[in-house]
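Undergrad: Give me a 3D structure for the following:
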Amino acid sequence: MAVRGTGVGMRKWIAAAALVGLTVVGCDDGTRDDLVVEGTPPATPYSGALDVPVKETGDDGVRAAMESSGAAGRALECDGEIYLGGGGDRWSREDGGSTPEEGLNAYFDMDQPELPDHGYRVERREKDRVLFSYDVRGRTKVAVVVAKDQPHRPGWGPETNASCDPSELPASFTDSRYEIWTDRDGRRVPTTEVSSSAGAEHCDWESAHFLWLGQGKELRQYARDPHRVLGSEVLTAAYDQDARMPVGARDTGYRFHDWELWLTAGKSTAYIRTPDGVEAWPATKQQVGCK
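TA: Predicted structure coming up:
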(Lines give C-alpha, C1' and ligand atoms only; values in the text may rest on other atoms or scores of the structure.)
Protein backbone atom coordinates (compact mmCIF):
# COMPACT_ATOMS: atom_id res chain seq x y z
CA MET A 1 0.00 0.00 0.00
CA ALA A 2 1.36 3.43 -0.91
CA VAL A 3 0.96 6.29 1.53
CA ARG A 4 0.88 9.83 0.23
CA GLY A 5 3.35 11.96 2.05
CA THR A 6 1.65 15.33 1.93
CA GLY A 7 -2.11 14.93 1.99
CA VAL A 8 -2.69 15.27 -1.75
CA GLY A 9 -4.96 12.27 -2.19
CA MET A 10 -7.86 14.08 -3.85
CA ARG A 11 -5.81 16.09 -6.33
CA LYS A 12 -3.76 13.02 -7.24
CA TRP A 13 -6.90 10.92 -7.68
CA ILE A 14 -8.50 13.39 -10.10
CA ALA A 15 -5.24 13.97 -11.98
CA ALA A 16 -4.71 10.24 -12.39
CA ALA A 17 -8.27 9.78 -13.65
CA ALA A 18 -7.64 12.39 -16.32
CA LEU A 19 -4.55 10.69 -17.71
CA VAL A 20 -4.70 8.92 -21.03
CA GLY A 21 -3.76 5.24 -20.81
CA LEU A 22 -0.04 4.71 -21.26
CA THR A 23 1.51 1.87 -23.21
CA VAL A 24 4.66 0.28 -21.86
CA VAL A 25 7.00 -1.12 -24.47
CA GLY A 26 9.09 -4.08 -23.39
CA CYS A 27 10.86 -7.19 -24.53
CA ASP A 28 9.13 -10.43 -25.41
CA ASP A 29 9.78 -11.81 -21.90
CA GLY A 30 7.79 -8.96 -20.33
CA THR A 31 10.82 -7.08 -19.02
CA ARG A 32 10.83 -3.37 -19.80
CA ASP A 33 13.48 -2.02 -22.14
CA ASP A 34 16.32 -0.31 -20.28
CA LEU A 35 14.63 -0.87 -16.92
CA VAL A 36 18.05 -1.19 -15.28
CA VAL A 37 21.06 0.60 -16.71
CA GLU A 38 24.69 1.11 -15.82
CA GLY A 39 25.38 4.43 -14.21
CA THR A 40 27.65 6.52 -12.05
CA PRO A 41 26.99 6.16 -8.30
CA PRO A 42 25.53 9.29 -6.68
CA ALA A 43 27.78 11.58 -4.68
CA THR A 44 26.26 10.30 -1.43
CA PRO A 45 24.96 6.73 -1.97
CA TYR A 46 22.60 5.34 0.66
CA SER A 47 24.60 3.53 3.33
CA GLY A 48 21.89 2.50 5.78
CA ALA A 49 20.20 -0.84 6.31
CA LEU A 50 18.02 -2.27 3.54
CA ASP A 51 15.78 -4.26 5.90
CA VAL A 52 14.28 -1.32 7.81
CA PRO A 53 11.05 -2.42 9.54
CA VAL A 54 7.87 -1.10 7.92
CA LYS A 55 5.04 0.36 9.97
CA GLU A 56 1.61 0.78 8.36
CA THR A 57 -0.31 3.43 10.31
CA GLY A 58 -3.24 3.99 7.98
CA ASP A 59 -2.59 7.73 8.28
CA ASP A 60 -1.62 10.30 5.69
CA GLY A 61 1.38 12.60 5.84
CA VAL A 62 5.14 12.67 5.58
CA ARG A 63 5.76 10.69 8.76
CA ALA A 64 3.37 7.93 7.74
CA ALA A 65 4.93 7.73 4.28
CA MET A 66 8.41 7.40 5.76
CA GLU A 67 7.34 4.73 8.25
CA SER A 68 5.65 2.66 5.55
CA SER A 69 8.44 2.95 2.98
CA GLY A 70 11.31 1.44 4.99
CA ALA A 71 14.74 1.76 3.42
CA ALA A 72 13.31 3.12 0.15
CA GLY A 73 12.07 6.28 1.85
CA ARG A 74 15.39 6.79 3.61
CA ALA A 75 17.32 6.41 0.35
CA LEU A 76 15.54 9.35 -1.30
CA GLU A 77 17.33 12.66 -1.86
CA CYS A 78 14.35 14.96 -2.38
CA ASP A 79 14.52 18.74 -2.57
CA GLY A 80 11.27 18.74 -0.59
CA GLU A 81 9.38 16.10 1.37
CA ILE A 82 8.72 12.50 0.41
CA TYR A 83 5.72 12.35 -1.93
CA LEU A 84 4.75 8.67 -1.93
CA GLY A 85 5.96 5.71 0.05
CA GLY A 86 4.83 2.23 0.89
CA GLY A 87 5.50 -1.45 1.20
CA GLY A 88 5.10 -3.69 -1.80
CA ASP A 89 2.11 -5.98 -2.08
CA ARG A 90 2.77 -9.61 -1.25
CA TRP A 91 3.80 -11.27 -4.46
CA SER A 92 2.53 -14.71 -5.35
CA ARG A 93 4.54 -17.68 -6.57
CA GLU A 94 3.90 -16.56 -10.15
CA ASP A 95 4.99 -12.95 -9.50
CA GLY A 96 8.44 -13.53 -8.00
CA GLY A 97 11.41 -13.22 -10.34
CA SER A 98 14.62 -15.19 -10.63
CA THR A 99 16.78 -12.03 -10.51
CA PRO A 100 16.58 -8.68 -8.69
CA GLU A 101 15.87 -7.01 -12.04
CA GLU A 102 12.84 -9.25 -12.52
CA GLY A 103 11.76 -8.34 -9.00
CA LEU A 104 11.88 -4.66 -9.97
CA ASN A 105 9.90 -5.42 -13.10
CA ALA A 106 7.30 -7.16 -10.92
CA TYR A 107 6.88 -3.91 -8.98
CA PHE A 108 5.76 -2.11 -12.12
CA ASP A 109 3.49 -4.98 -13.15
CA MET A 110 1.85 -5.25 -9.74
CA ASP A 111 1.63 -1.60 -8.60
CA GLN A 112 1.58 0.16 -12.00
CA PRO A 113 3.00 3.33 -10.41
CA GLU A 114 2.96 6.65 -12.21
CA LEU A 115 6.76 6.70 -12.24
CA PRO A 116 9.54 6.37 -14.85
CA ASP A 117 9.70 2.73 -15.99
CA HIS A 118 13.28 2.72 -17.22
CA GLY A 119 16.68 4.10 -16.25
CA TYR A 120 17.04 2.57 -12.79
CA ARG A 121 20.46 1.76 -11.35
CA VAL A 122 21.66 -0.64 -8.69
CA GLU A 123 22.65 1.59 -5.76
CA ARG A 124 23.18 -1.14 -3.15
CA ARG A 125 23.33 -4.91 -3.49
CA GLU A 126 23.19 -7.38 -0.63
CA LYS A 127 22.63 -11.13 -0.52
CA ASP A 128 18.86 -10.98 -0.15
CA ARG A 129 18.02 -7.35 -0.99
CA VAL A 130 18.86 -4.84 -3.72
CA LEU A 131 18.20 -1.10 -3.76
CA PHE A 132 17.33 0.33 -7.18
CA SER A 133 17.33 4.09 -7.64
CA TYR A 134 16.15 6.48 -10.33
CA ASP A 135 18.46 9.47 -10.21
CA VAL A 136 18.11 13.04 -11.46
CA ARG A 137 21.38 14.96 -11.64
CA GLY A 138 23.01 12.46 -9.32
CA ARG A 139 20.29 12.50 -6.64
CA THR A 140 17.82 9.68 -5.92
CA LYS A 141 14.23 10.66 -6.71
CA VAL A 142 12.67 7.17 -6.84
CA ALA A 143 13.82 4.21 -4.77
CA VAL A 144 12.66 0.58 -4.82
CA VAL A 145 13.98 -2.18 -2.57
CA VAL A 146 13.46 -5.71 -3.85
CA ALA A 147 13.88 -8.74 -1.59
CA LYS A 148 14.45 -12.46 -2.14
CA ASP A 149 12.50 -15.44 -0.77
CA GLN A 150 10.41 -13.75 1.89
CA PRO A 151 7.85 -15.77 3.92
CA HIS A 152 5.28 -17.22 1.50
CA ARG A 153 6.82 -15.09 -1.27
CA PRO A 154 9.35 -17.07 -3.30
CA GLY A 155 11.76 -15.42 -5.70
CA TRP A 156 12.58 -11.72 -6.01
CA GLY A 157 9.83 -9.14 -5.53
CA PRO A 158 9.21 -5.54 -4.41
CA GLU A 159 9.49 -4.91 -0.67
CA THR A 160 9.38 -1.10 -0.28
CA ASN A 161 9.19 1.91 -2.59
CA ALA A 162 9.26 5.69 -2.32
CA SER A 163 9.38 8.73 -4.58
CA CYS A 164 9.89 12.48 -4.46
CA ASP A 165 7.36 15.01 -5.76
CA PRO A 166 6.65 14.71 -9.50
CA SER A 167 8.08 18.20 -9.99
CA GLU A 168 11.52 16.73 -9.19
CA LEU A 169 11.28 14.23 -12.06
CA PRO A 170 12.44 15.11 -15.59
CA ALA A 171 10.13 17.20 -17.76
CA SER A 172 10.46 14.53 -20.45
CA PHE A 173 8.48 12.25 -18.11
CA THR A 174 6.09 14.69 -16.44
CA ASP A 175 5.01 16.77 -19.47
CA SER A 176 2.56 14.11 -20.67
CA ARG A 177 1.34 13.19 -17.17
CA TYR A 178 1.28 16.22 -14.89
CA GLU A 179 0.75 19.95 -15.09
CA ILE A 180 3.84 21.25 -13.31
CA TRP A 181 3.64 24.95 -12.44
CA THR A 182 6.65 27.23 -12.09
CA ASP A 183 7.41 30.25 -9.94
CA ARG A 184 8.22 33.72 -11.20
CA ASP A 185 11.84 32.66 -11.70
CA GLY A 186 10.88 29.67 -13.84
CA ARG A 187 11.61 27.05 -11.17
CA ARG A 188 9.31 24.03 -11.00
CA VAL A 189 6.93 24.18 -8.05
CA PRO A 190 5.99 21.07 -6.02
CA THR A 191 2.57 19.67 -6.87
CA THR A 192 1.80 19.78 -3.15
CA GLU A 193 2.03 23.58 -3.37
CA VAL A 194 0.09 24.14 -6.58
CA SER A 195 -1.17 21.75 -9.24
CA SER A 196 -3.87 21.44 -11.87
CA SER A 197 -5.48 18.88 -14.09
CA ALA A 198 -8.13 18.50 -16.76
CA GLY A 199 -11.30 16.71 -15.69
CA ALA A 200 -11.78 13.00 -16.22
CA GLU A 201 -13.20 11.80 -19.52
CA HIS A 202 -15.12 8.89 -18.02
CA CYS A 203 -17.23 11.37 -16.04
CA ASP A 204 -17.62 13.67 -19.08
CA TRP A 205 -15.62 16.33 -17.25
CA GLU A 206 -12.92 16.75 -19.90
CA SER A 207 -14.06 20.32 -20.65
CA ALA A 208 -13.49 21.28 -17.00
CA HIS A 209 -10.19 22.01 -15.31
CA PHE A 210 -9.21 21.80 -11.64
CA LEU A 211 -6.65 23.77 -9.65
CA TRP A 212 -5.35 22.95 -6.17
CA LEU A 213 -3.49 25.20 -3.75
CA GLY A 214 -1.92 24.18 -0.47
CA GLN A 215 -2.20 20.87 1.30
CA GLY A 216 -3.82 19.15 4.25
CA LYS A 217 -6.41 21.29 6.02
CA GLU A 218 -5.31 24.29 3.96
CA LEU A 219 -6.00 22.58 0.63
CA ARG A 220 -8.22 24.65 -1.67
CA GLN A 221 -9.73 23.46 -4.93
CA TYR A 222 -10.92 25.67 -7.80
CA ALA A 223 -12.56 24.80 -11.09
CA ARG A 224 -12.82 26.12 -14.61
CA ASP A 225 -16.21 25.02 -15.95
CA PRO A 226 -17.06 26.76 -19.25
CA HIS A 227 -19.68 24.17 -20.25
CA ARG A 228 -21.20 23.77 -16.76
CA VAL A 229 -20.54 20.06 -16.53
CA LEU A 230 -19.89 20.20 -12.77
CA GLY A 231 -23.20 21.68 -11.67
CA SER A 232 -24.06 24.48 -9.24
CA GLU A 233 -23.99 22.03 -6.32
CA VAL A 234 -20.23 21.73 -6.77
CA LEU A 235 -19.11 25.34 -7.24
CA THR A 236 -19.39 28.28 -4.85
CA ALA A 237 -20.03 30.66 -7.76
CA ALA A 238 -20.28 30.66 -11.54
CA TYR A 239 -17.16 30.43 -13.68
CA ASP A 240 -16.49 33.70 -15.56
CA GLN A 241 -14.39 33.55 -18.71
CA ASP A 242 -14.34 37.35 -19.10
CA ALA A 243 -13.70 38.66 -15.61
CA ARG A 244 -12.15 41.87 -14.33
CA MET A 245 -9.08 41.56 -12.17
CA PRO A 246 -10.20 42.78 -8.72
CA VAL A 247 -8.49 45.71 -7.09
CA GLY A 248 -6.07 44.30 -4.56
CA ALA A 249 -5.51 41.01 -6.36
CA ARG A 250 -1.89 39.92 -6.21
CA ASP A 251 0.23 37.99 -8.64
CA THR A 252 1.29 34.77 -6.91
CA GLY A 253 4.13 34.29 -9.38
CA TYR A 254 2.79 30.84 -10.28
CA ARG A 255 2.80 30.09 -14.00
CA PHE A 256 1.67 27.22 -16.19
CA HIS A 257 2.62 27.94 -19.81
CA ASP A 258 0.82 31.25 -20.52
CA TRP A 259 -1.44 31.12 -17.45
CA GLU A 260 -0.73 33.44 -14.50
CA LEU A 261 -2.36 32.80 -11.12
CA TRP A 262 -3.65 35.79 -9.18
CA LEU A 263 -5.45 35.73 -5.81
CA THR A 264 -7.32 38.13 -3.55
CA ALA A 265 -7.00 38.11 0.24
CA GLY A 266 -10.06 35.91 0.70
CA LYS A 267 -8.88 33.29 -1.82
CA SER A 268 -12.51 32.47 -2.68
CA THR A 269 -11.73 32.71 -6.40
CA ALA A 270 -8.64 31.98 -8.44
CA TYR A 271 -8.01 34.52 -11.19
CA ILE A 272 -6.14 33.18 -14.20
CA ARG A 273 -4.64 35.80 -16.47
CA THR A 274 -4.25 34.55 -20.05
CA PRO A 275 -3.16 36.28 -23.27
CA ASP A 276 -6.89 36.78 -23.96
CA GLY A 277 -7.89 38.31 -20.65
CA VAL A 278 -8.80 37.16 -17.14
CA GLU A 279 -10.80 34.12 -16.07
CA ALA A 280 -12.41 33.68 -12.65
CA TRP A 281 -12.28 30.12 -11.35
CA PRO A 282 -14.57 29.70 -8.33
CA ALA A 283 -13.67 27.54 -5.36
CA THR A 284 -15.50 24.24 -4.99
CA LYS A 285 -17.82 23.75 -2.02
CA GLN A 286 -15.78 20.71 -1.03
CA GLN A 287 -13.05 18.56 -2.51
CA VAL A 288 -14.67 16.83 -5.49
CA GLY A 289 -13.49 13.98 -7.64
CA CYS A 290 -14.78 11.71 -10.35
CA LYS A 291 -15.55 8.15 -9.22
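
Undergrad: after the longest helix along the chain, next one along is what?
TA: Across the chain, the longest stretch assigned as helix under DSSP state H is helix 62-75. Per DSSP states H and E, the first helix or strand lying C-terminal to helix 62-75 is strand 82-87.

Undergrad: who are the neighbours in contact with the residue most central in space within the chain?
TA: By Cα atoms, centre = their mean, the mean C-alpha position of the chain lies nearest to residue 166, the distance being 4.8 Å. Residue 166 makes contact with 83, 114, 174, 177, 178, 180, 191, according to Cβ atoms under 8 Å, 6 or more residues apart in numbering. Glycine gets a C-beta too; all of them are placed from N, C-alpha and C.

Undergrad: okay if I get those as CSV plus pLDDT?
TA: As requested, the contacts of residue 166 are arranged in CSV below (pLDDT from 0 to 100):
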residue, pLDDT
83, 94
114, 93
174, 96
177, 93
178, 95
180, 97
191, 96
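
Undergrad: quick check, nearest of these to residue 208?
TA: Nearest to residue 208 among the contacts of residue 166: residue 178, at 17.3 Å, using Cβ to Cβ.

Undergrad: quick one, phi/psi of the closest residue in space to that closest one that isn't next to it in sequence?
TA: Nearest non-adjacent residue to residue 178, counting by Cβ to Cβ, 6 or more residues apart in numbering: residue 166, 4.9 Å away. According to degrees, to the nearest 10, the main-chain angles of residue 166 amount to phi -50, psi -30.

Undergrad: distance of residue 166 from residue 39?
TA: 21 Å (Cβ to Cβ, to the nearest Å).

Undergrad: returning to what we had before: tell me what angle the longest helix of the chain forms with strand 82-87.
TA: Using axes from the mean of the first three to the mean of the last three Cα atoms, to 10 degrees, the direction of helix 62-75 lies 80 degrees away from that of strand 82-87.

Undergrad: chain center to helix 62-75: distance?
TA: In terms of Cα atoms, centre = their mean, to the nearest Å, the centre of helix 62-75 is found 15 Å from the chain centre.

Undergrad: Give me the distance between the residue nearest to residue 203 when sequence neighbours are not counted and residue 48.
TA: In space, and not counting its chain neighbours, residue 203 is closest to residue 290: 3.7 Å by Cβ to Cβ, 6+ apart. As for residue 290, its distance to residue 48 is 40 Å (criterion: Cβ to Cβ).

Undergrad: Counting neighbours around each, name which of those two comes out higher.
TA: residue 290 (16 against 10; other Cβ atoms under 10 Å).

Undergrad: And the pLDDT at residue 10?
TA: Looking at residue 10, its pLDDT stands at 47.

Undergrad: So which bits of stretch 110-121 are buried?
TA: 110, 111, 113, 114, 115, 116, 117, 118, 119, 120, 121 (16 or more other Cβ atoms under 10 Å).

Undergrad: these two touch, right, residue 165 and residue 76?
TA: No: counting by Cβ atoms under 8 Å, residue 165 does not reach residue 76; the two are 10.5 Å apart.

Undergrad: Neighbour count: those two, which is higher?
TA: Using other Cβ under 10 Å as the criterion, residue 165 and residue 76 rank with residue 165 on top: 26 against 23.

Undergrad: List the residues that contact that one.
TA: Counting by Cβ under 8 Å, 6+ apart, the residues that residue 165 touches are 6, 78, 79, 80, 81, 83, 190, 191, 192.

Undergrad: Kindly provide the distance from the fourth one to residue 220.
TA: So the one you mean is residue 80. Where residue 220 is concerned, residue 80 sits at a distance of 19 Å (Cβ to Cβ).

Undergrad: which residues in the protein form strands?
TA: 2-4, 82-87, 121-125, 129-136, 139-150, 153-164, 194-198, 209-213, 220-224, 250-256, 259-263, 269-274, 277-282 (DSSP state E).
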